[in-house]
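>>> Attaching a predicted model along with its sequence, questions to come.
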Amino acid sequence: GQQLNQSPQSMFIQEGEDVSMNCTSSSIFNTWLWYKQDPGEGPVLLIALYKAGELTSNGRLTAQFGITRKDSFLNISASIPSDVGIYFCAGAISNFGNEKLTFGTGTRLTIIP
Amino acid sequence: DGGITQSPKYLFRKEGQNVTLSCEQNLNHDAMYWYRQDPGQGLRLIYYSQIVNDFQKGDIAEGYSVSREKKESFPLTVTSAQKNPTAFYLCASRESPGANVLTFGAGSRLTVL
């Protein structure tokens, strides 16, 4: 099955820094989702995007649905320790009621003391 | 609170044994999914079910089986035919055929000894 190209694979930052990550696809999507996974837990939805060009914020998180519909970006401002985890993007295209999500390979965020 | 409950959280099995992972949801969601997660990889779809008594193979169904006898339950059996079963397994559900957002359980970690 197809997987999205998510980058970077890992990030090591200091507390307070801003973070940027992105996902790209060879296919067009009409929905982009961003999830965060804590160690040993299931992913939790952060932001959902439904329209090309859409820019949506959730606290310190901001995500954008790329104009080409083939990419999406997630930014985290002023990182804090609880931001540590793996961030996944996911894209979906409608298929007559059988919308299938394709997941990125994840970006692992580590905060250096 | 509504949610998805996966059990057990940790499971150990000997080679050649079948094991069944439980997934129960009280969200009244129509569709349910099973994903496999390996280190450094994204989520790969094993099986999904859009309605009771119906399910479809995902991208990596070989060596796995499922049933959907009740709307709230979607157990996954990892059979002895699965050559590399050690992984983190995630169950998810979706509100309706038209919704793209998945809600995940906390996951089950299977280790083959």
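Structure's in. What do you need? Residues are numbered from 1 along each chain as shown, chains lettered A, B, ... in the order given.
>>> starting at the chain centroid, how far to the helix-or-strand element of chain A with minimal mean pLDDT?
Least confident helix or strand, chain A: strand A:100-103 with a mean of 85, by mean pLDDT, DSSP states H and E. Computed by CA atoms, centre = their mean, to the nearest Å, the chain-centroid distance of strand A:100-103 equals 13 Å.
>>> So what are the sheet partners of it and their directions?
strand A:85-93 (antiparallel) (DSSP bridges).
>>> Using CSV, write out every CA atom in the partner strand.
What follows is strand A:85-93, C-alpha atoms only, in CSV (Å, rounded to 0.1, in the frame of the first residue of the first chain):
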residue,chain,number,x,y,z
GLY,A,85,6.3,11.9,20.7
ILE,A,86,5.8,10.7,17.2
TYR,A,87,3.8,12.9,14.8
PHE,A,88,1.9,11.2,11.9
CYS,A,89,0.3,12.7,8.9
ALA,A,90,-2.5,10.9,7.1
GLY,A,91,-4.2,11.7,3.9
ALA,A,92,-7.6,10.5,2.6
ILE,A,93,-9.4,10.6,-0.7
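>>> Show me how far that strand is from its chain's centre.
Distance, centroid of strand A:85-93 to centroid of chain: 5 Å (CA atoms, centre = their mean).
>>> And the average pLDDT for it is what?
What strand A:85-93 shows for mean pLDDT is 93.
>>> Up against chain B, what does chain A have?
Taking CB under 8 Å from any CB of the partner chain as the measure of proximity, chain A contacts chain B at A:1, A:3-4, A:6, A:9, A:31, A:33, A:35, A:40-45, A:48, A:88, A:90, A:92, A:97-101, A:103-106. Every C-beta, even on glycine, is put in place using the N, C-alpha and C of the backbone.
>>> how about the strands in chain A?
Ranges of strands in chain A, per DSSP state E, are A:5-7, A:10-14, A:19-24, A:31-37, A:44-49, A:55-58, A:61-65, A:71-76, A:85-93, A:100-103, A:107-112.
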